[in-house]
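> Dropping a prediction and its sequence here:
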Amino acid sequence: MDRAETAAKIAALIEPFNKKGVAITDASTFAGDLEFDSLTVMDFVAAIEDEFDIIISMNQQAEIENYGQLIDAVVKLQG
Amino acid sequence: MTDLFSKFDPLIEMRANLLASGVEDPFGLVMERVISPTVAVCNGRETILLGTYNYMGMTFDPDVISAGKQALDDFGAGTTGSRVLNGTYAGHRAVEDALKDFYGMDHAMVFSTGYQANLGIISTVAGKGDYIVLDIDSHASIWDGCKMGDAEVVPFKHNDIEAMEKRLKRIPEGAGKLVVLEGVYSMLGDIAPLKEMIKVAKDNGAMVLVDEAHSMGFIGPNGRGVAEDQGVLDQVDFVIGTFSKSVGTVGGFCVSNHPKFEILRLVCRPYVFTASLPPSVVATASTSIRKLMHAGNKRAHLWENSRTLHKGLRDKGFQLGTEEPQSAIIAVIMPDLERGAAMWEALLHEGLYVTSPARPRPRPG
């Protein structure tokens, strides 16, 4: 799956978690701009993991601060 | 100069606001005198202790006290050394023997605290390239053990068997896997479906560690914990436990049947680089553990108390952590921090001490 296709799927997945309707760009941060708390992060990560059948370990999550980094990581994890 | 403490400002402010509202400091409680396992004088008031982990009331057991005094006389106040250097006394071996007998397992390793037992075992057993799959509601000591080691850390939704299974199945072929579970989760007092979860873990080639800190002495026919109660203790590779709850003193341990278990004494850094427990502590622990093997009456009594309290609170309309009492922890869920603190204070003024976790979950991030 290429980056555009992956990005489209993630855009659909994040919608229910983006409760404040923040306009998301690749630079949007999860903790800052999107105000995700730890529970939201867990549910959102689980949704992505299930959609793409991958694991995003805590170690990898620590490297992902913004939306663009997440898309890149998911593209990479799909191999 | 950047003040390294500025990161704590939000917490400092939250605490200041709470205290400014006039409530007693929930973290400033001092027990001036301890009268029994269930009664103490706190801030000048005689108080019933409902919020300790002294489940079996062993802290003032006469045999336990006398064993501690004898060890203090015979072996002194402390060991001043690591377990692997000059810090293993006869009492340390004796308490490990007591644990082996208590759990019916081949090996036991005693740490200076329960926190260090999780920290040491998890960080040592799961290394680079291995995967730790753990419940998101795991205790801080489990998370810190994960953080200290080099394994990939994969959490799953609390007590969700399917979420755990999916993650195990996605782990690359050939990687080592450790599933970390707890018997009783201390925030809500709920137990884990260990029978189902351990089967899934084993079917997927994982080793299993279960923290039975809150169940030892109380849950299971012999007080060995939730895994024993659900008939799967023989499937658990590592049981982690503590002396600071039912046993009534301080210390932590791991018991296991793994044939190579003893090597951990040489490679587990929180075990090697800490002074061992004082002789009096291991003597009280041994005595207490051996008495807990025959504590069926106490177990039955605590279950009665747990059910009575749970029903009473439920009848009063409180929101509780579990529908039915599953352990000796009865969690009342308060709507917010302010009302939680106010309730805590009101109870204390009426002479009842309960535990009030300021944050709902001991989780990082």
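That came through fine.

> which residue is nearest the middle of the chain?
No chain in the question, so chain A it is. Centroid check for chain A by C-alpha atoms, centre = their mean gives residue A:70 as the closest residue, at 4.8 Å.

> I was thinking of chain B, sorry if that wasn't clear
If you average the C-alpha coordinates of chain B and look for the closest C-alpha using C-alpha atoms, centre = their mean, you land on residue B:213, 3.5 Å from that point.

> Name the SS class of that one, please.
Here residue B:213 takes the coil state, with states given by DSSP: H, G, I helix; E, B strand; the rest coil.

> Compute the number of surrounding residues for the nearest residue to it once chain neighbours are set aside.
Of all residues not flanking residue B:213 in the chain, residue B:242 sits nearest, at 4.7 Å (C-beta to C-beta, 6 or more residues apart in numbering or on different chains). Just so you know, the C-beta spots here come from the backbone N, C-alpha and C atoms, and that holds for glycine as well. Burial measure for residue B:242: 25 neighbouring residues, criterion other C-beta atoms under 10 Å in any protein chain shown.

> Verify the stated contact: residue B:242 with residue B:112.
No. Contact between residue B:242 and residue B:112 fails when scored by C-beta atoms under 8 Å: they sit 11.1 Å apart.

> anything in contact with each of those two?
Both residue B:242 and residue B:112 are contacted by B:251-252, under the criterion C-beta atoms under 8 Å, 6 or more residues apart in numbering or on different chains.

> related to what we said a few turns ago, beta partners of the residue nearest to residue B:213?
The residues listed as beta-bridge partners of residue B:242 by DSSP bridges are residue B:252.

> And it, how far from chain A?
Separation of residue B:242 from chain A (C-beta to the nearest C-beta, to the nearest Å): 25 Å.

> hmm, back to that, list phi and psi for the residue nearest to the centre of chain B.
Backbone dihedrals for residue B:213, given as degrees, to the nearest 10, come out at phi -50, psi -50.

> picking that back up, which residues does the residue nearest to residue B:213 contact?
Residue B:242 is in contact with B:113-114, B:117, B:213, B:216, B:251-253, counting by C-beta under 8 Å, 6+ apart.

> Report the two of those separated the most.
Every pair in those was compared (C-beta to C-beta); the two farthest apart turn out to be B:113 and B:216, at 14.9 Å.

> Same drill for these two, tell me which one is more crowded.
Regarding residue B:113 and residue B:216, a neighbour count based on other C-beta under 10 Å identifies residue B:216 as having more, with 31 against 18.

> do you know how far that one is from residue B:53?
Spatial separation of residue B:216 from residue B:53 under the definition C-beta to C-beta, to the nearest Å is 10 Å.

> ok, now residue B:292?
For residue B:292 relative to residue B:53 (C-beta to C-beta), the value is 14 Å.

> got it, and residue B:154?
Counting by C-beta to C-beta, the gap from residue B:154 to residue B:53 is 29 Å.

> The two - which one has more neighbours?
residue B:154 (26 against 17).

> Next, that one: secondary structure please.
At residue B:154, secondary structure determined by three-state DSSP is strand.

> same question for the host helix or strand of residue B:198, mean pLDDT?
Counting by DSSP states H and E, the element that carries residue B:198 is helix B:194-203. Confidence over helix B:194-203 (mean pLDDT, whole number) is 98.

> What of stretch B:227-237?
According to the model, stretch B:227-237 has a mean pLDDT of 98.

> Name the residues that touch it?
For stretch B:227-237, using C-beta under 8 Å, 6+ apart, the contacting residues are B:103, B:183, B:193-195, B:198-199, B:202, B:207-210, B:212, B:215, B:219-222, B:224-225, B:239, B:256-258.

> Please convert the buried members of these into PyMOL selection syntax.
The following PyMOL command selects only the buried members of the contacts of stretch B:227-237, with burial defined by 16 or more other C-beta atoms under 10 Å in any protein chain shown:
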select buried, chain B and resi 103+183+194+198+207+208+209+210+212+215+219+220+222+224+225+239+256+257+258
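
> overlap between the contacts of stretch B:227-237 and the residues near chain A?
Near chain A, judged by C-beta under 8 Å from any C-beta of the partner chain, there are no entries from these.

> ok, residue B:37 to residue A:8 distance?
Looking at residue B:37 against residue A:8, where the rule is C-beta to C-beta, the gap reads 61 Å.

> From residue B:214, how far off is residue B:29?
From residue B:29 across to residue B:214, the span is 21 Å (C-beta to C-beta).

> let me fix that: residue B:115
When residue B:115 is compared with residue B:214 (using C-beta to C-beta), they lie 14 Å apart.

> the more surrounded of these two?
Comparing residue B:115 with residue B:214 by other C-beta under 10 Å, the one with more neighbours is residue B:214, at 27 against 20.

> I'd assumed residue B:331 was in contact with that one.
No. Counting by C-beta under 8 Å, no contact exists between residue B:214 and residue B:331, whose distance comes to 11.9 Å.

> Name the residues of stretch B:9-18 that come out as buried.
Of the residues in stretch B:9-18, those buried by neighbour count under the rule 16+ other C-beta under 10 Å are residue B:18.

> Output it as CSV, nothing but the C-alphas.
Extracted C-alpha coordinates of stretch B:9-18, given in CSV (Å, rounded to 0.1, in the frame of the first residue of the first chain):
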residue,chain,number,x,y,z
ASP,B,9,4.6,23.2,37.5
PRO,B,10,1.2,21.9,36.4
LEU,B,11,1.2,19.3,39.2
ILE,B,12,2.4,21.8,41.8
GLU,B,13,-0.4,24.1,40.8
MET,B,14,-3.0,21.4,40.9
ARG,B,15,-1.9,20.4,44.4
ALA,B,16,-1.8,24.0,45.6
ASN,B,17,-5.4,24.5,44.3
LEU,B,18,-6.6,21.4,46.0
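
> just to revisit the earlier point, which among the contacts of residue B:242 gets closest to chain A?
For the contacts of residue B:242, the residue nearest chain A by C-beta to the nearest C-beta is residue B:117; the value is 21.4 Å.

> Residue 65: what's it in contact with?
Just so you know, I chose chain A. Each residue near residue A:65 by C-beta under 8 Å, 6+ apart is listed here: A:29-31.

> you looked at the wrong chain, it should be chain B
Under the criterion of C-beta under 8 Å, 6+ apart, the neighbours of residue B:65 are residue B:284.
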